[in-house]
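*Asks:* Below are the sequence and a predicted model; questions follow.
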Amino acid sequence: GFFGSYLFGKFGARYPKVAIPLSTFCLATSMLLLLPFSSGFLSLSAVCLLWGVGIIGFSLALQAKTLNLASDATDVAMAIYSGLYNVGIGGGALLGGLVSTHIGLSYIGIIGGVLAVLGTLLTLILVRRADFMPMEGRGPMQIAKQLKEEQILNPTAYKRKEGIKTPNPETADPYHWNTN
């Protein structure tokens, strides 16, 4: 855990799109290697080290993202984060119990690893979204350009698409973002 904390502190802010996918990849890899590497102390220790790096990196990256997204209500955001994190722990314990009861204890790492691989693929998709990137250091023109490139509807066009009344006139280009 300490090594993962150090790595996140050193590189997490510099590479925000890498921290969550890399952490989930470490978790997936460590779980999938648990059974094959369980026969030796050193190999199992290496898997545990990788798992420690992954879980602390995952936790810190998600906390940083939560605080970044809810900078005006950090106490509420962290309370929600903590609750959801504990739901994940409970869900993992439930799944582990079901796997060990119905399939076998040796398959817990494989089932967990497959789920973590799916999670890694999901994070690779999510970090590409425009709303994932921190906006600090980027001006309105840069943000508007990225939103247009990614075909994100402007608020007026989105409201009209959803059937929500808006006093704003319809824009010629629904992907044009006003930078005023």
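*Replies:* Nice, I can see it.

*Asks:* Please spell out the segments of this structure that come in under the pLDDT threshold.
*Replies:* 130-140, 179-180 (pLDDT under 70).

*Asks:* show me where it has strands.
*Replies:* Applying DSSP state E to the chain gives no strands.

*Asks:* contacting residues for Y81?
*Replies:* L62, Q63, T66 (CB atoms under 8 Å, 6 or more residues apart in numbering). All C-beta atoms are positioned from the backbone trio N, CA, C, and that covers glycine.

*Asks:* if you set the cut-off to 10 Å instead, what comes out?
*Replies:* S59, L62, Q63, K65, T66, L67, A70, T74 (CB atoms under 10 Å, 6 or more residues apart in numbering).

*Asks:* from memory the fourth one sits against A13, does it?
*Replies:* So the one you mean is K65. No - here K65 lies out of contact with A13, judged by CB atoms under 10 Å, at a distance of 11.2 Å.

*Asks:* ok, these two, which is more surrounded?
*Replies:* Comparing K65 with A13 by other CB atoms under 10 Å, the one with more neighbours is K65, at 19 against 13.

*Asks:* what about the residue lying closest to that one once chain neighbours are set aside, neighbour count?
*Replies:* If the residues on either side of it in the chain are set aside, K65 comes closest to I20, at 7.3 Å by CB to CB, 6 or more residues apart in numbering. If you count neighbours by other CB under 10 Å, I20 ends up with 25.

*Asks:* ditto for I103
*Replies:* 12.

*Asks:* That one and G112, how far apart?
*Replies:* I103 sits 12 Å away from G112, going by CB to CB, to the nearest Å.

*Asks:* A93 too?
*Replies:* Counting by CB to CB, the gap from A93 to G112 is 11 Å.

*Asks:* which of these two has more neighbours?
*Replies:* Counted by other CB under 10 Å, A93 and G112 do not tie: G112 has more neighbours, with 20 against 10.

*Asks:* Can you tell me the closest non-neighbouring residue to Q63?
*Replies:* Y81 (6.6 Å).

*Asks:* Surely T123 and I20 touch.
*Replies:* Yes - contact criterion CB under 10 Å: T123 and I20 qualify, at 4.8 Å.

*Asks:* show me where this structure has helices.
*Replies:* Assigned by DSSP state H, the helices in the chain fall at 2-11, 16-33, 41-69, 74-102, 108-126, 140-149, 155-162.
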